[in-house]
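Peer 1: Have a look at this prediction, sequence included:
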Amino acid sequence: MGIGKCQSFRCQRRIGLEYGLSAQFGARGEKSALNFAGHHILGISQFDRGEVDRIFDVADRMRPYAQRERRTTVLEGAILGSMFFEPSTRTRISFGSAFNLLGGHVRETTGFENTAIAKGESLYDTARVLSGFSDAIVMRHPTAGSVSEFASASRVPVINGGDGANEHPSQALLDLYTIRSELADRQRGIDGLRIAMVGDLRFGRTVHSLSRLLTRFTNVSVSLVSPAELKMPAELVDEMRQSRIDVVETDQLELGITNVDIVYSTRIQEERFESQADADLYRGRFRLNQSIYTALCEPNTVIMHPLPRDSRKGAQELDDDLNDDPNLAIFRQSDNGVLVRMALFSLILGVSDQVDDYSKPVNWSTERRF
Ligand code: NCD
């Protein structure tokens, strides 16, 4: 990981003293937390393929805890500071749950109006203060670059939970983790992937991060389906092409989704438009429902969406009539988010090899209905 290292004295001290040699040589003899402990997670550019594999391996090992077969107290006493300045359901709760599932505590605030930022406090001061009583921080903010700015003043590792239209790295990691698992069921790997990204590719930070992540793999083809005004930023298309990804851009759904393994649908990011009327021009433009899916897609094409899908009449980019289609992976995606975020926390806090050492049986009924 080239960038995003927590530079402060406290971070350095943590890496040097608290994580010490075990960070270099994990209990299983793997080269491990050295690459992650004390690092911020701000954008996908900081990861190489080996690090992505490492995150996925750790995420795999989190499954028994996420599924309540076991529990672990490896982060007992640790505090996550969670600051979400934009609406969020799954990202905020899944980061919080991931930290709780590792035995840590979560202190959170939502919305500018509930913080001292509403009184004029700077991101710098907020970061200095919050990092004084947290062990890690996750932050979502409407401005691109703001989480990096915050992180540069933080004394503890910061994870970007989405900064404006820029990036959403943990979402891309959980998306790719899901892609890997869905394709494995079809005897395929990520190399050779054919994916369509559909919808608001201009403002959608999840597709920005996912595009960057795909550059780490080989033989990938990406078809970008969007209205001309909501195209993927040219810089990201260039990055993909420079990495030998075969990129096709179209504004025709039927051209984009016919020969792919994954259709990744996205919501029109109405909060990033000048006015509601501007966003309404595009809402409902690309709808996937069961009949369109059956007519256009190859059998067993996986259907994904970062969620929330817009289920209001006039939008419905992913129709409810797909809910019983086994190829709909959207809730497997959100379930996987907890695994991947547990992996990220355990890696940046240098405990990924100790999770099982602090494990116990669960005391309560863990039956799930389906
Ligand atoms: C996405 C986001 O916030 O960027 N949601 C999420 O975190 N899963 C996508 C969206 O809001 O459309």
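Peer 2: Nice, thanks for sending it over.
Peer 1: what sits against Phe112?
Peer 2: Neighbour list for Phe112: Phe85, Ala118 [criterion: Cβ atoms under 8 Å, 6 or more residues apart in numbering]. Quick note: C-beta positions are derived from backbone N, CA and C, even for glycine.
Peer 1: That one and Gln252: what is the separation?
Peer 2: For Phe112, the distance to Gln252 equals 40 Å [Cβ to Cβ, to the nearest Å].
Peer 1: for Gly204, same thing?
Peer 2: Following Cβ to Cβ, the distance that separates Gly204 from Gln252 is 19 Å.
Peer 1: neighbour count winner among the two?
Peer 2: Neighbour count, other Cβ atoms under 10 Å: between Gly204 and Gln252, Gly204 has more, with 25 against 9.
Peer 1: what's the pLDDT at Pro227?
Peer 2: On pLDDT, Pro227 comes in at 98.
Peer 1: okay, now it: neighbour count?
Peer 2: 16.
Peer 1: Model confidence at Ala27, what's the number?
Peer 2: For Ala27, pLDDT reads 32.
Peer 1: and if you look at Gly20?
Peer 2: Reading off the model, Gly20 has pLDDT 27.
Peer 1: With Ala33 instead?
Peer 2: Ala33 is given a pLDDT of 38.
Peer 1: Also the one 4 residues further on?
Peer 2: The predicted local confidence for Ala37 comes out at a pLDDT of 94.
Peer 1: Please report the distance of it from Ile137.
Peer 2: 15 Å.
Peer 1: With Leu296 instead?
Peer 2: Distance from Leu296 to Ile137, by Cβ to Cβ: 43 Å.
Peer 1: Then Gly111?
Peer 2: On the measure of Cβ to Cβ, Gly111 and Ile137 end up 17 Å apart.
Peer 1: Also Leu101?
Peer 2: Distance, Leu101 to Ile137, by Cβ to Cβ: 18 Å.
Peer 1: same thing with Ala234?
Peer 2: Taking Cβ to Cβ, one finds Ala234 at 32 Å from Ile137.
Peer 1: Comparing those two, which shows the higher neighbour count?
Peer 2: Counted by other Cβ under 10 Å, Ala234 and Ile137 do not tie: Ile137 has more neighbours, with 26 against 8.
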